[in-house]
Each structure stands twice: as C-alpha cells, then as structure tokens.
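J.: give me the fold of what follows.
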Amino acid sequence: MTPKQKMALEIIRDNPGIYPREFAKKMWPDSDGHDRHHNCGPKGVTRGGMMNMAGGGYIGRLVKAGLVIRHYGKHQNGVYLTKEGVEALEEAKDGV
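T.: Model (predicted):
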C-alpha cells in the first residue's frame, strides 16, 4: 500500500460517509485547485469543481480495489471502508 492510499483510507475511516468534495479537501488541503473557477454551463461558474472530480476519481480507484464502498441510499450516504479496507489499514499499521 502506498502512503497516499494509506492516507486516503485513514481519511475515510475517520470520516465515515464522506463525500468526494470533503475527501478532496482533506486529501489535498494545500491544492490551489480548490480556489480555481471553472465554467459549468452557458452562464454558470463553479469554484473547485475539478477537485471534486479528482476526489471522486481517487475514491473510484479505491472502490475498484475493493477497499471502500460508495453508498448513496435512503439512510446511509457517502463512502465507507470495506472489511478489506480495514484489514489493509491494520496491515499497513503493523508494517506487514
């Protein structure tokens, strides 16, 4: 496991139900991408929109690896660690 993957899993563990926008702010707090403006439609603009996509993309890679699960339902929204994700964090902590 890479240091960035470990950091990402720790963020998700410490913030169960996190959304990609919040995840990106915690994963890359010093990035100037959070303050950049991007067009979104003919007369609209959003600030930091690409960071939301970066956060979602990173979460997608963790989902593909089976370490986290995205859940958007009626009662439990956001991203959570899977059993494999918890085990991977434990192994990383033990240095295995």
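J.: tell me what the nearest residue to residue 63 once chain neighbours are set aside is bridged to.
T.: The shortest distance from residue 63 to any residue that is not its chain neighbour, by Cβ to Cβ, 6 or more residues apart in numbering, is 6.0 Å, and that residue is residue 70. C-beta: built from backbone N, CA, C; applies to glycine. Partner residues in beta bridges with residue 70: residue 79, with DSSP bridges as the criterion.
J.: give the next helix or strand downstream of the least confident helix or strand in the chain by mean pLDDT.
T.: Each helix and strand of the chain was given a mean pLDDT (mean pLDDT, DSSP states H and E); the minimum falls on strand 45-47 at a mean of 74. Where DSSP states H and E defines the elements, the next helix or strand beyond strand 45-47 is helix 49-64.
J.: which residue ranges of the protein form helices?
T.: For the chain, applying DSSP state H gives helices covering 3-14, 20-27, 49-64, 83-94.
J.: highest mean neighbour count out of those?
T.: Burial of the helices of the chain is given as mean neighbour count (mean count of other Cβ atoms under 10 Å); helix 20-27 ranks first at a mean of 19.
J.: which helices and strands does it pack with?
T.: Based on contacts counted as 3 or more Cβ pairs under 8 Å, 6 or more residues apart in numbering; DSSP states H and E, the elements that helix 20-27 packs against are helix 3-14, helix 49-64.
J.: the shortest one: how far from the chain's middle?
T.: Offset of helix 3-14 from its chain centre (Cα atoms, centre = their mean, to the nearest Å): 9 Å.
J.: and what of stretch 39-52?
T.: Computed by Cα atoms, centre = their mean, the chain-centroid distance of stretch 39-52 equals 19 Å.
J.: just the residues contacting it, thanks.
T.: If you take Cβ atoms under 8 Å, 6 or more residues apart in numbering as the criterion, stretch 39-52 is touched by 20, 21, 24, 25, 28, 31, 33, 34, 35, 36, 37, 38.
J.: closest one to residue 74 out of the residues you listed, please.
T.: Ranking the contacts of stretch 39-52 by separation from residue 74, with Cβ to Cβ as the measure, puts residue 20 on top at 19.8 Å.
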